[in-house]
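[1] just the structure for this:
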Amino acid sequence: MQDEFYGIAEAIAPLLRGSEVFTCSFSGETSDFVRFNGSAVRQAGSVLQRVLTLDLIDGRRHAAGTLTLSGDVAADRSRLAALIGELRAMRGQLGEDPHLLYATDAPSTERHHAAVLPPRADAVAAVQAIGSGRDLVGVYAAGAMHAGFASSFGQRNWCSNENFNLDWSFFHSADKAVKTSYAGTLWDSSELGRKAELAGEQLAGLARPPKRLAPGRYRAYLAPAALAELFSILGWGGFGLRAHRTKTTPLLRMVEDGARLHPSVHLEENTADGVAPNFQEAGFLRPDHVQLVEGGAYRDCLVSPRSAVEYGVPTNGASGAEAPVSIDLAAGALPVERVLAELGTGIYVSNLWYMNFSDRAACRTTGMTRFATFWVEHGAIAAPLDVMRFDETVYRLLGDNLIALTAERELILDPGTYYQRSTDSARLPGALIDDFTLTL
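    Below is the predicted model:
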């Protein structure tokens with residue numbers, strides 16, 4: 001796909017007129033998908049797609065459009081010429097863009113991250129093996145994802161990543177299931193077996209009579225998947241410069257009042273070890289690391305090119321949404337094997353279902369427990385819990401009430417497939433918390 005994209009980029013320059021310049025970005029994938037239900041294959045297929053987004057610029061006026069490429073060079077170049085004509089006509093009706101900024105002197109780069117992936121048939125057989133005798137429901141996705149950037153200024157950037165993502169549940173009954181995932185770049189059947197064994201133990205725990213808790217505050221452990229839900233909604237403006245300057249960030253108290261999280265909280269955008277490309281749609285490169293929170297104190301924002309112009313600061317390669325795409329929370333010192341013992345008596349939360357802000361300015365979140373949430377007594381699982389709603393601030397969860405973070409972390413790849421497979425990732429530990437608030 002790289003040569004195909006560069007060929008299309010070279011074909012754009014002869015179609016320009018006068019002082020026109022262009023930037024263009026590319027996304028593509030070659031992915032296998034297999035959907036399971038009842039531990040049986042219900043749907044299987046492959047996706048090959050290539051999408052080009054072109055921004056035609058003249059001065060401070062510009063218009064952008066998207067073209068799905070077919071792989072037929074002659075047909076794609078003919079459609080490209082038609083798109084440029086349409087964008088030129090559209091641009092003539094538009095005013096100047098005061099916040100337009102695109103890279104003019106960024107270096108060209110190339111990254112290729114290969115993975116060790118099993119043949120699809122072997123992956124399917126391994127999934128069916130762990131699901132034998134159980135109701136396994138889920139989706140396996142694997143293959144290569146590609147991103148590219150090109151411009152009139154000779155800049156060429158390319159990133160290819162291969163990975164796999166098995167997102168599955170062992171279903172028990174009603175609202176009881178054990179949801180888990182196995183993702184990465186190195187397929188290891190023994191690791192899949194370990195995850196399945198743990199999920200099987202939790203599935204057996206779901207067969208016990210459920211316990212209903214009264215609203216109140218309880219000691220709790222949030223597994224990495226549960227923390228991933230929390231950081232997902234924090235990404236809605238939590239770390240972007242625009243949200244900070246307009247005072248819409250949920251971390252406003254950290255920005256304006258000096259509020260701090262626990263000293264063990266070190267949070268960064270870790271592009272170097274993530275799946276997302278190291279450049280964004282306007283051609284600016286992303287640094288390998290952006291420290292968002294250090295020692296519990298807010299440090300740096302994610303700054304898109306448009307925000308850079310609006311607020312007069314340098315961009316650090318953030319996308320237009322200014323949301324993290326490779327979130328990384330540093331590990332703590334609590335061994336995972338000691339989690340139940342250190343929890344003692346309280347709640348073990350494997351995952352969360354539905355989260356939102358109940359008070360955005362106070363960074364207060366609400367949501368529901370689900371997917372194998374257990375009551376633990378004296379360091380052992382005693383009973384599954386009925387679904388409960390929680391309501392908590394991040395300043396308590398990751399601040400005053402944080403007891404410990406686990407020494408082991410989990411790589412969680414976003415299983416989203418809208419338009420294409422997501423390149424968002426999170427590397428997170430689990431968190432042991434005091435006084436976790438259940439409201440009903």
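
[2] quick one: what helix or strand has Gly367 in it?
    Per DSSP states H and E, Gly367 falls inside strand 364-377.

[3] state the mean pLDDT of the next helix-or-strand element following that strand.
    Where DSSP H and E defines the elements, the next helix or strand beyond strand 364-377 is strand 380-384. Averaged over strand 380-384, pLDDT sits at 94.

[4] between the helix or strand just after strand 380-384 and strand 364-377, how many degrees?
    Going down the chain from strand 380-384, the next helix or strand is strand 389-393, by DSSP H and E. Relative orientation of strand 389-393 versus strand 364-377 (axes from the mean of the first three to the mean of the last three C-alpha atoms, to 10 degrees): 120 degrees.

[5] identify the residues contacting strand 389-393?
    358-359, 362-369, 436-440 (C-beta atoms under 8 Å, 6 or more residues apart in numbering). Where you see a C-beta, it was placed from the backbone N, CA and C, and this is true even at glycine.

[6] mind redoing it with 6 Å?
    Ser358, Ala362, Cys363, Arg364, Thr366, Met368, Thr437, Leu438, Thr439, Leu440 (C-beta atoms under 6 Å, 6 or more residues apart in numbering).

[7] over to stretch 319-331?
    231, 235, 239-240, 242, 266-271, 274, 276, 280, 302, 304, 407, 409, 424-429.

[8] tell me where the stretch 201-350 of the chain has helices.
    Listed in chain order, the helices of the stretch 201-350 of the chain (DSSP state H, counting those that start in this stretch) span 224-234, 241-245, 252-256, 305-311, 339-343.

[9] what segments of the stretch 1-150 of the chain are helices?
    Secondary structure of the stretch 1-150 of the chain by DSSP H, counting those that start in this stretch: the helices cover 2-12, 73-91, 120-130.

[10] what comes up buried for stretch 194-210?
    Judged by neighbour count (16 or more other C-beta atoms under 10 Å), stretch 194-210 contains these buried residues: Lys195, Ala196, Ala199, Gln202, Leu203, Gly205, Leu206, Pro210.

[11] need those residues in a markdown table with pLDDT and distance to Phe390, can you?
    Shown next, in a markdown table, are the buried residues of stretch 194-210 (pLDDT from 0 to 100; distance: C-beta to C-beta, whole Å):
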| residue | pLDDT | distance to Phe390 |
| --- | --- | --- |
| Lys195 | 94 | 25 |
| Ala196 | 96 | 28 |
| Ala199 | 94 | 23 |
| Gln202 | 93 | 20 |
| Leu203 | 94 | 23 |
| Gly205 | 92 | 20 |
| Leu206 | 92 | 20 |
| Pro210 | 91 | 17 |
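
[12] want to throw those into a markdown table with distance to Asp76?
    Formatted as a markdown table, the buried residues of stretch 194-210 follow (distance: C-beta to C-beta, whole Å):
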| residue | distance to Asp76 |
| --- | --- |
| Lys195 | 42 |
| Ala196 | 44 |
| Ala199 | 45 |
| Gln202 | 50 |
| Leu203 | 49 |
| Gly205 | 55 |
| Leu206 | 52 |
| Pro210 | 57 |
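
[13] for these, which one is nearest Gly85?
    Closest approach between the buried residues of stretch 194-210 and Gly85, by C-beta to C-beta: Lys195, at 52.8 Å.

[14] among the buried residues of stretch 194-210, which lie within strands?
    The members of the buried residues of stretch 194-210 all map outside strands under DSSP state E.

[15] thought Asp424 was touching Leu413?
    No. In this structure, Asp424 is not within contact of Leu413 by C-beta atoms under 6 Å, at 7.6 Å.

[16] these two: which is more packed in?
    Neighbours were counted for Asp424 and for Leu413 using other C-beta atoms under 10 Å; Leu413 has more, 24 against 20.
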